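Asks: need a 3D model of the following:
(chains A, B, C and D)
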Number of protein chains: 2
Amino acid sequence: MPAIRTARARAREELTREIKQEARRQLASVGAQQLSLRAVARELGMASSALYRYFPSRDELLTALIIDAYNELGDAADHALAGTEQAAPRDRWCALWTATRDWARANPHEFALVFGTPVPGYAAPRTTVEPAARLPLALIGVVRDAPLRPTPPGPPPQGALPGQLTALAAAFAPGLPPHVVARGVSAWVQLIGLIGFELHGHLVGSIDPADDFFTWTAAQTADTLGL
Amino acid sequence: MPAIRTARARAREELTREIKQEARRQLASVGAQQLSLRAVARELGMASSALYRYFPSRDELLTALIIDAYNELGDAADHALAGTEQAAPRDRWCALWTATRDWARANPHEFALVFGTPVPGYAAPRTTVEPAARLPLALIGVVRDAPLRPTPPGPPPQGALPGQLTALAAAFAPGLPPHVVARGVSAWVQLIGLIGFELHGHLVGSIDPADDFFTWTAAQTADTLGL
DNA sequence: TCTTTTCGAGAGCACTGCTCTCGTTTCGAC
DNA sequence: GTCGAAACGAGAGCAGTGCTCTCGAAAAGA
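Replies: Numbering: from 1, shown residues only, chains lettered A, B, ... in the order given. Prediction:
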């Protein structure tokens, strides 16, 4: 069935791709907030109502763009890893940080789409979690495969946290001590939080430009992880 | 002049307040994205066009709400500080963290408004920077006034970073070593980034609920600062 | 060949932010 | 007290939005 496709199916696939492509263009230039279905249709020379044959709603189109963005970010991470195959784990860690920031600065609206304020009433469908996990998994992989220096223990996890950390470790990095997992999540929050701060202008007037602070933070997190 | 005001000026002040109040109500219930000038006017029983006598545009109304939100957050921080006047600096630090998270969870749309994705083409006017600085200044104050344990030096700041850090220290916390300032900014990014992650559902399925991870992060940042 | 499904287009609905105009009300100077 | 200027509220209207419904044409499968 998938080998030979009808002309209609091929046309549908192609048009779906074209719609997404044009939507991405608009997303990059005006942001998700201003992305207009009618404008996409206008640019493609079709009636706006025809667009609904391909995407049942604006949110559905945005979801497709979210998945694309996650995958692009994941590709950037994989590419950074592939380029540092032989490097020290610490350098691979920093390469992942730099690649993430570079991608975010090149695609600020895409970054905001996936890590920014979600549309109210919008719940990310299951299909997004796998591409969303690619970058965090890449970061975890570097830590998991590296010989870690011993680090000071730090504050002990309390309450439900130890269980959450061991569950996380069991799922993605068996054998990693809980306090390292906690610092890994911390680093993940820092990575995205810092890029968000920079992109949204919350560092203007203090740490601006943020290049050197970013590399310092990458090194700092590598230190606390024992990389 | 401000002692005796004309009836018109008083009416204007009151209506301005009422508009902002109703807008806040809508902001809290549907978010900034869905905040509608017409709905505000409708709720107030006035024509939508009349609203433009008080706020020249929707963005201007949002700016007023942003300032309100920053000030409420600043009030929450001040209140937390006032309630821990005699406590150890480390506990005051953690109290500020908790107060910030509590406020954010109680007012998620307000949090998103100030720390989330900014409206495209919107540049925060100067009037917002002073209320925006209240929480960071409260955090800095705790660190500045505390006797700090010596901490391991960590990675050395490079490039433009040392200058930015000393400038920041000179402006807000004279005498604070640069590496402590850097960790302070890091903690600030973590605080807001972590709350954003929690609020926007990026921790669902991994660290969820985030209560204990949050207190652990607060303690962890206090440790690295030497509190 | 005939029926069923798919498709594109157009009209239309209920919204939105914002502008302009038009009477009315209020204020301040004379 | 009077009168001109400023401020005000309401209404109509513009250009735009997401989305629905209907209708005729085209393609697909029996």
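Asks: just the element for the closest residue to residue A:5 other than its chain neighbours, please.
Replies: Nearest non-adjacent residue to residue A:5, counting by C-beta to C-beta, 6 or more residues apart in numbering or on different chains: residue A:13, 7.8 Å away. Where you see a C-beta, it was placed from the backbone N, CA and C, and this is true even at glycine. In this assignment (DSSP states H and E), residue A:13 forms part of helix A:7-30.
Asks: say whether DNA strand D is contacted by that helix.
Replies: Yes: among the residues of helix A:7-30, A:7, A:8, A:9 lie within reach of DNA strand D under C-beta under 7 Å from any atom of the strand.
Asks: by contact count, what packs against that helix?
Replies: helix A:37-44, helix A:58-82, helix A:108-115 (3 or more C-beta pairs under 8 Å, 6 or more residues apart in numbering or on different chains; DSSP states H and E).
Asks: chain center to the longest one: distance?
Replies: Translated: helix A:58-82. 7 Å (C-alpha atoms, centre = their mean, to the nearest Å).
Asks: that helix vs chain B: in contact?
Replies: No: using C-beta under 8 Å from any C-beta of the partner chain, helix A:58-82 stays clear of chain B, with a minimum separation of 12.0 Å.
Asks: average pLDDT for the next helix or strand after that helix?
Replies: Sequence order places helix A:89-106 as the next helix or strand after helix A:58-82, per DSSP H and E. Helix A:89-106 comes out with an average pLDDT of 98.
Asks: mind listing what's buried in helix A:89-106?
Replies: Neighbour-count burial for helix A:89-106, counted by 16 or more other C-beta atoms under 10 Å in any protein chain shown, picks out A:89-90, A:92-101, A:103-104.
Asks: enumerate the residues of chain A near DNA strand D.
Replies: Applying C-beta under 7 Å from any atom of the strand, we find that chain A lies next to DNA strand D at A:6-9, A:35-39, A:48-49, A:52, A:56-59.
Asks: report the contact partners of residue A:127.
Replies: Neighbouring residues of residue A:127 by C-beta atoms under 8 Å, 6 or more residues apart in numbering or on different chains: A:63, A:67.
Asks: residue in chain A with the shortest distance to DNA strand C?
Replies: residue A:49 (2.8 Å; C-beta to the nearest atom of the strand).
Asks: and the pLDDT for the spatially most central residue of chain A?
Replies: Nearest to the mean C-alpha position of chain A, by C-alpha atoms, centre = their mean, lies residue A:70 at 4.7 Å. The model reports residue A:70 with a pLDDT of 97.
Asks: my guess is it contacts residue A:134, does it?
Replies: Yes: Residue A:70 lies in contact with residue A:134 (C-beta atoms under 8 Å); the separation is 6.7 Å.
Asks: neighbours of residue A:31, how many?
Replies: By other C-beta atoms under 10 Å in any protein chain shown, 20 other residues sit near residue A:31.
Asks: which of the residues of helix A:7-30 next to DNA strand D ranks first by neighbour count?
Replies: Of these, residue A:9 is surrounded by the most neighbours, 12 neighbours in total, counting by other C-beta under 10 Å.
Asks: quick check, pLDDT for that one.
Replies: 90.
Asks: any idea how far residue A:68 is from it?
Replies: 21 Å (C-beta to C-beta, to the nearest Å).
Asks: with residue A:222 instead?
Replies: Residue A:222 is 30 Å from residue A:68, where distance means C-beta to C-beta.
Asks: the two: which has the busier surroundings?
Replies: Between residue A:222 and residue A:68, counting by other C-beta under 10 Å, residue A:222 is the more crowded of the two (23 against 19).
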